[in-house]
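J.: Need a 3D model of the following:
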Amino acid sequence: MVGYLPIIIAFILYFSGVPVAFALIGSALFYFGVIDHNSPVDLIFQKFVTSAQSFPLLAIPFFVMAGSIMNYAGISGKLMSMADVLTGHMKGGLAQSNVLLSCLMGGVSGSANADAAMECKMLVPEMEKRGYSKGFSAAITAASSAVTPIIPPGIDLIIYALLAKVSVAKMFAAAYLPGFVIAACLMVCVHFIAVKRGYLPSRDKKATAKEIAKQCADSLWALLFPLGIVLGIRIGLFTPSEAGAFAVAYCLLVGVFIYKGLRWEHIPKIFVETINGTATVILIIVAANVFGYYMTWEMIPMHLTTVLLNVTSNKWLMLLLVNVLLLIMGMFLEGGAALIIVAPLLIPVVTKLGVDPIHFGAMCIVNIMIGGLTPPFGSMMFTCMSITGCKLNEFVKECFPFIIAEIIGLLLVTFIPIISMLLPNLIFGS
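T.: Residues are numbered from 1 along each chain as shown. Predicted coordinates for the structure are as follows:
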């Protein structure tokens, strides 16, 4: 049992307010410095260095920078117009546009909190003017922002691919349909609430084919971005890391010469956002690798696999148990942290039962995003509440139907593997 003490220490540190990266590093150092005396200390510090020397990690700063560039390039307004043309005629038109905009932003920013902050400033004030309650506006914004990191090129997709040692391109392809499934569940939920409360469409009538075609042409360069990344990797034009560099160059060209929203004064802000975003993610990955080294040394994944397989050998029941575990963890841990801690433990269990790690990855990403909506530590919840001024009790009350809708989508992704496996099989072969 002494070997499990670092896990307890990591959780105690995290809930005491210590950042997750330092909680993982501190507990791992405690193990190798106090409990285990067989491993040279030099080996642990060597693990710190080698964990960051991974070529696929180069994709992270590139995609973070690409998202930042596109946000400053004025693309958000064009995507908002695209969303309004497609969904503005529906009941609860602005709320429906809110959900669709998050889908479109997935290929641009890949960050749930960035999307939530942007939509809180852009859409929530307009929604309140048109009669939507503040709680509903904040709740649907937070709920829809959960879709953004699921749509490629979300950073969590890259992290999972590195943890599971699977193709980044396949993870990108696998995430599209699950993202659309979650969005569809949210839109159905919005429809029923809008009918009940009388929330009106934002457009008088459905857009004509000519209007849709015109708006598609106006937003074409943004819409082509995620498609070009996946296809470029598929045909061997570039690796995932090189795709990130291509994404930065593409975004610069679009921002400067096509949408013309990028200015010289934006450059320092882009670099600061890139450095901050990359440093946080890389530090957590390095900490998780060191912590994972401790767990491997103690053979904890093997022990957990044995315990869980003794509970059930039915893969569907196992996936249900894993979903419950992740949903509970998501209430207390930030999504990326939960993914990094739990995925290496659970991947050996589910793969032994015949679950494809690509399918499992899509399920995990959807699951941890739901955690961002739930108290007490939901990051999108706090982002939307702080910007809109919405009270916690009002937010939770309004967000509850959307959480249920997303859980329904999660169950569909979990128990219908073709949702996540269809595109990878079509593009890369089964």
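J.: nearest residue to residue 79 other than its sequence neighbours?
T.: Spatially, and ignoring its direct neighbours in sequence, residue 79 is nearest to residue 104 (4.3 Å; CB to CB, 6 or more residues apart in numbering). Yep, even glycine has a C-beta here, placed from its N, CA and C like the rest.
J.: Which strand or helix spans that neighbour?
T.: Per DSSP states H and E: residue 104 is located in helix 93-106.
J.: CA atoms only for that helix, dumped as PDB, please.
T.: Once non-C-alpha atoms are left out, helix 93-106 reads as follows in PDB (Å, rounded to 0.1, in the frame of the first residue of the first chain):
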ATOM      1  CA  GLY A  93     -32.100  31.000 -33.300                       C
ATOM      2  CA  LEU A  94     -29.300  32.700 -31.400                       C
ATOM      3  CA  ALA A  95     -28.800  29.800 -29.000                       C
ATOM      4  CA  GLN A  96     -28.700  27.400 -32.000                       C
ATOM      5  CA  SER A  97     -26.100  29.700 -33.700                       C
ATOM      6  CA  ASN A  98     -24.200  29.600 -30.400                       C
ATOM      7  CA  VAL A  99     -23.900  25.800 -30.700                       C
ATOM      8  CA  LEU A 100     -23.000  25.800 -34.400                       C
ATOM      9  CA  LEU A 101     -20.400  28.600 -33.900                       C
ATOM     10  CA  SER A 102     -18.600  26.400 -31.300                       C
ATOM     11  CA  CYS A 103     -18.400  23.600 -33.900                       C
ATOM     12  CA  LEU A 104     -16.900  26.100 -36.400                       C
ATOM     13  CA  MET A 105     -14.500  27.400 -33.800                       C
ATOM     14  CA  GLY A 106     -13.200  23.900 -33.200                       C
END
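J.: what is the rounded mean pLDDT of the helix or strand following that helix?
T.: Using DSSP H and E, the helix or strand that follows helix 93-106 towards the C-terminus is helix 112-122. Predicted confidence along helix 112-122 averages 76 (mean pLDDT).
J.: next SSE after helix 112-122?
T.: helix 124-129.
J.: where's that following helix relative to the chain centroid, distance-wise?
T.: Put simply, helix 124-129 sits 26 Å off its chain's centre (CA atoms, centre = their mean, to the nearest Å).
J.: how about low-confidence regions in the stretch 1-150 of the chain?
T.: Applying pLDDT under 70 to the stretch 1-150 of the chain flags the ranges 1, 41, 55-56, 76, 106-111.
J.: Low-confidence stretches in the stretch 151-300 of the chain?
T.: For the stretch 151-300 of the chain, applying pLDDT under 70 flags the ranges 226, 230, 234.
J.: sorry, back to before: can you state the direction angle for the helix holding residue 104 and helix 112-122?
T.: 140 degrees (axes from the mean of the first three to the mean of the last three CA atoms, to 10 degrees).
J.: if we can go back for a sec, my guess is the residue nearest to residue 79 meets residue 222, correct?
T.: Yes. Contact criterion CB atoms under 8 Å: residue 104 and residue 222 qualify, at 7.3 Å.
J.: neighbours around the closest residue to residue 396 other than its chain neighbours, how many?
T.: Among residues not flanking residue 396 along the chain, residue 375 sits closest, at 6.4 Å (CB to CB, 6+ apart). A total of 13 residues lie near residue 375 under the criterion other CB atoms under 10 Å.
J.: show me what contacts residue 375?
T.: 331, 381, 392, 396 (CB atoms under 8 Å, 6 or more residues apart in numbering).
J.: Make JSON lines from the residues you listed and add distance to residue 169 and pLDDT to it.
T.: Listed next are these as JSON lines, based on distance: CB to CB, whole Å; pLDDT from 0 to 100:
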{"residue": "331", "distance to residue 169": "32", "pLDDT": "73"}
{"residue": "381", "distance to residue 169": "32", "pLDDT": "83"}
{"residue": "392", "distance to residue 169": "40", "pLDDT": "83"}
{"residue": "396", "distance to residue 169": "38", "pLDDT": "89"}
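J.: What is the nearest of those to residue 285?
T.: residue 331 (23.1 Å; CB to CB).
J.: Do I have it right that that closest one meets residue 372?
T.: No. In this structure, residue 331 is not within contact of residue 372 by CB under 8 Å, at 10.2 Å.
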